[in-house]
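Novice: Quick one: sequence plus predicted model below, questions after.
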Amino acid sequence: MHCRLHPIGVFATFLFVSLTVADSASLAVADSRSLAVADSGPTVLWYSRPAGNWVEALPIGNGRLGAMVFGQTENERIQLNEDTLWSGFPHDYANPEAAKHLAEVRRLIFDGKHAEAQKIIDQHMMGVPRFLQAYQTLGDLRLKFSGHRQTTDYRRELDLGAAIVRVTYRQGDAHFTRELFSSAVDQAIVIRLTCDRPGLINVEATLDSPHSHQTNPDAAGRLVMSGQWIGTGKGASLIAGVTGAGLRFETRIHAKAEGGKVTADGEALKISGADAVTMLLVAATSHKNYRDITADPAQRCEDYLTAAVKRPFGQLRSAHVSDYRRLFDRVQLQLQPGKDSEADPEASEMPTDRWLEAAAKRAADPGLAALYFQFGRYLLISASRPGTQPANLQGIWNEHTAPPWGSKYTVNINTEMNYWPAEVCNLSECQGPLFDLLEDLTVTGGRIARQHYGCRGWVLHHNTDLWRAAAPVDFAFYGTWPSGGGWLCQNLWQHYVFGGDREFLARRAYPIMKGAAQFYLDYLVEHPKHGWLVTCPSNSPENAHQGRVSVCAAPTMDVQIIHDLFGNCIEASKVLDVDADFRAKLTDTLKRLPPMQIGKHGQLQEWLMDVDEPEPQHRHLSHLLGLHPGNLITPRGTPDLAEACRKSLERRGDGGTGWSLAWKISHWARLHDGNHAHLVLKNLLRPGHTLPNLLDSCPPFQIDGNFGGCAGIAEMLLQSHAGEVELLPALPDAWPNGSVKGLRARGGFDVDLTWKAGELTDVVIRSKLGRDCHVRHGDQTKLLKTTAGGSYRLSGGLLTLVP
Ligand code: FUC
């Protein structure tokens, strides 16, 4: 077998070590705090027709409460979600029989009998039950505007700059406007109906849900829908059927009319002859945490509503907009074509669905890429806020009771990808829910580590749900992968590396990371043939190395995850000055892991063995984790391995699912190949992978591609994983002119860049922590000595400081 061995770990971790010998001449603080960005780039999605179906509707959300707004003129549908409404109830998925079979499975794998091992795992080691629970729709709010079928001058838009959906049209002589937003400040969906003529607003509001429910007016004239998820024992694809009563929920609508009157009539709220109407919709479930579902949804709704009704519409709106803009306005992006570009300047004036179609026919459309980037940031702000559930496979937007893959958390790529934009795109606090999830998983995953494998620490396999499942689930082919926890710990460490919050590292991140590392210390076992310490059993997510067999020992991805995790734990324990013995144990163990290997095609091997996999263009790119999101492989630090990654990427091709394309953008960006990254981005932005409402389609709709695509665009403009802040590392020819403001780099830096005709012209770096900043652009490097709060301006071309 032809293979070259590459010990890994050299670039495993660093906290901004000096990699460059650079100019540290006396530096002055720039007088301008940020570059003047002429225009904040495109930030509106708009349409000339109502949404005909869900994938044309527009999402709003406050992290917890989400809605898809169709914008129908006569029969408006607003599909509702509350992020804790899931099927099932608290449950421990551990299989007490699993551990008995571990030794035999390991023996079979070491003997090369992978298929037999996979069969035993499938029969005896899966969680109980083997499928998880699913995220649920809450139901629909319907607004009936009788007589509004025939309208003119219709426009429907999502304003990313304010997080507001707006619908406007003319009916006869009157001009009607609807505004909708989901306010994090007031924990309510706010709907404002206005008309330029008095007394013309007539609307009937009703609520509905596929779950067991009843709708009644309350004493205060509000419409109240209360219900409960009830399991009838019927499962669905990858969703367990369970019997019994689960989460209770409630939704309330309060309508305040200006002029006219509001009457609660049976199951409807009727408003007639009003000049304007403000509706407040609140919702809650009985979920307190993954163990306890005894909260009172009615009381929660009452509390939200009592506070919100006191505020006039203007205040609700301005509180929402300023809360949202505090996050959204941190980053601005403008991408412009060159003079000779075939990009049609009129395209950006088209409705967004037509723009998407037009862009697919052209070589490049920088404006659409900029809009897609900001849409990704909008979605993260709207799906994940401190205290909410993390963004699941569909963010928080789901109209089904049996959604694809349960709309749960798939952690062998999808959940990680959801959070890739968080740090670099300046939405760091949106990661909070992910860290809460990990904290819960140390408990549930601790039980699985002990009961399934007799290990300390905690483990998470390829999926989790609201109940914090951690066992191997679905089928052995997919679920035999003990590395979801190890991978997600990367986000904890990166949060620290970007922001420098030592308190966070000490109290939250390090204990979780340490538990994940403890699991691997116990789980790793010596491979009888090579003597390496290997994870066994495991798989390289969802990819077969032979036939329909994925189960194996030490796929390359696991080795990379453990290098990353152990390296980060070592660094963290040094920063915190704790656990010297533990650190030594990690350091010793790292030396005994398998090396990364280059196979017969020049590719980075995905498995210990150099096999030709049955599906060379498989969607997963697991073994390239060391290139992105990890930093074990870099073109300058490990050129041979970087070249092997290129080969692997070429063999995988430029197609795939939405999220697979999104990941490839970052991979090509890390290889400094901006044109190839752009080619893959263009494939992602094709109708089919990007729906008319710009949501990603796997297919079907799955939100990870939106987040991965957003992060990939950032990765093309700025990188900081290799000890340097690298400016425009992968700028494609298709984006010759542009500017970005407010991207974040590791080490506590905010970066603004402007470029013209493909040349970097202006740079501003703001330092939060006062660390040294090793700046790179192409072959030029510069060491910036910074002070906390300092702002530094460099002329782009030669990286010279502008006094
Ligand atoms: C993984 C992927 C699928 C899909 C699912 C939710 O299983 O391989 O493509 O994204 O997660």
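Specialist: All right, it came through fine.
Novice: all contacts plus neighbour counts: C-alpha atoms, from now on.
Specialist: OK.
Novice: ok, longest strand in the chain?
Specialist: Longest strand in the chain, counting residues (DSSP state E): strand 243-258.
Novice: got the buried residues for that strand?
Specialist: 246-258 (16 or more other C-alpha atoms under 10 Å).
Novice: And the contacts of the next helix or strand after it?
Specialist: Using DSSP states H and E, the helix or strand that follows strand 243-258 in sequence is strand 261-265. Counting contacts by C-alpha atoms under 8 Å, 6 or more residues apart in numbering, the residues outside strand 261-265 that touch it are 217, 221-223, 255-256, 269-274.
Novice: Could you tell me which of the residues you listed are located in strands?
Specialist: Short answer: these in strands (DSSP E) are 217, 223, 255-256, 269-274.
Novice: Give the other helices and strands that the helix or strand T587 falls within contacts.
Specialist: If you go by DSSP H and E, T587 is part of helix 580-591. Here helix 580-591 touches helix 556-576, going by 3 or more C-alpha pairs under 8 Å, 6 or more residues apart in numbering; DSSP states H and E.
Novice: Now do the helix it packs on: distance to the chain's middle.
Specialist: How far helix 556-576 lies from its chain's middle: 22 Å, per C-alpha atoms, centre = their mean, to the nearest Å.
Novice: tilt between that helix and helix 580-591?
Specialist: Angle, helix 556-576 to helix 580-591, by axes from the mean of the first three to the mean of the last three C-alpha atoms, to 10 degrees: 150 degrees.
Novice: in helix 556-576, what counts as buried?
Specialist: Counting neighbours by 16+ other C-alpha under 10 Å, helix 556-576 gives 556-573 as buried.
Novice: returning to that earlier point: avg pLDDT for the longest strand of the chain?
Specialist: Mean per-residue pLDDT for strand 243-258: 98.
Novice: cool, and stretch 91-109?
Specialist: Computed over stretch 91-109, the average pLDDT equals 98.
Novice: remind me which residues of this protein are low pLDDT?
Specialist: Residues of the chain that meet the criterion pLDDT under 70 lie in 1-39, 340-346.
Novice: again, only this time at 90
Specialist: 1-42, 265-266, 337-349, 613, 795-800, 803 (pLDDT under 90).
Novice: which residue ends up closest to the midpoint of it in space?
Specialist: Nearest to the mean C-alpha position of the chain, by C-alpha atoms, centre = their mean, lies N418 at 1.3 Å.
Novice: For the stretch 701-803 of the chain, just list every one of the strands.
Specialist: Ranges of strands within the stretch 701-803 of the chain are 718-719, 725-727, 737-745, 749-756, 759-767, 773-777, 780-784, 791-795, 800-801, based on DSSP state E, counting those that start in this stretch.
Novice: Redo those strands as a markdown table? Include distance to E76 and mean neighbour count.
Specialist: Output for the strands of the stretch 701-803 of the chain, formatted as a markdown table (distance: least, C-alpha to C-alpha, whole Å; neighbours: other C-alpha atoms under 10 Å):
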| stretch | distance to E76 | mean neighbour count |
| --- | --- | --- |
| strand 718-719 | 42 | 25 |
| strand 725-727 | 47 | 24 |
| strand 737-745 | 38 | 25 |
| strand 749-756 | 42 | 24 |
| strand 759-767 | 46 | 23 |
| strand 773-777 | 52 | 22 |
| strand 780-784 | 56 | 19 |
| strand 791-795 | 49 | 22 |
| strand 800-801 | 56 | 18 |
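Novice: A370 is nearest to which of those strands?
Specialist: Nearest to A370, of all these, is strand 737-745, at 9.9 Å by C-alpha to C-alpha.
Novice: The residue nearest to Y135 when sequence neighbours are not counted: what's it in contact with?
Specialist: With sequence-adjacent residues excluded and distances taken as C-alpha to C-alpha, 6 or more residues apart in numbering, Y135 is closest to W86, at 4.3 Å. The contact partners of W86, by C-alpha under 8 Å, 6+ apart, come to 133-136, 229, 247, 466.
Novice: And C710, by the same measure?
Specialist: Contacts for C710 (C-alpha under 8 Å, 6+ apart) come out as 372-374, 376-377, 421.
Novice: quick one on the thing from earlier: name the nearest of the ones in strands among the contacts of strand 261-265 relative to L679.
Specialist: Set against L679, the nearest of the ones in strands among the contacts of strand 261-265 by C-alpha to C-alpha is A255 (49.2 Å).
Novice: residue contacts, that closest one?
Specialist: So A255 contacts 222, 262, 269, 277-280 (C-alpha under 8 Å, 6+ apart).
Novice: Would you check which pair of the contacts of W86 lies furthest apart?
Specialist: W229 and L466 (13.9 Å).
Novice: that older thread, format the ones in strands among the contacts of strand 261-265 as a markdown table; extra columns: distance to A734.
Specialist: Formatted as a markdown table, these follow (distance: C-alpha to C-alpha, whole Å):
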| residue | distance to A734 |
| --- | --- |
| P217 | 57 |
| L223 | 53 |
| A255 | 50 |
| K256 | 51 |
| L269 | 53 |
| K270 | 53 |
| I271 | 52 |
| S272 | 54 |
| G273 | 54 |
| A274 | 51 |
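Novice: Looking at these, spot the one nearest R686.
Specialist: A255 (41.1 Å).
Novice: which residues does that closest one form a beta bridge with?
Specialist: Counting by DSSP bridges, A255 forms beta bridges with M279.
Novice: what about the closest residue in space to M716 that isn't next to it in sequence, distance to S286?
Specialist: Leaving aside its chain neighbours, M716 sits nearest to A730 (4.6 Å; criterion: C-alpha to C-alpha, 6+ apart). Relative to S286, A730 is positioned 48 Å away (C-alpha to C-alpha, to the nearest Å).
Novice: neighbour-wise, which of the two wins?
Specialist: When A730 and S286 are compared for neighbours, A730 comes out ahead with 27 against 22, by other C-alpha atoms under 10 Å.
Novice: No further questions, thank you.
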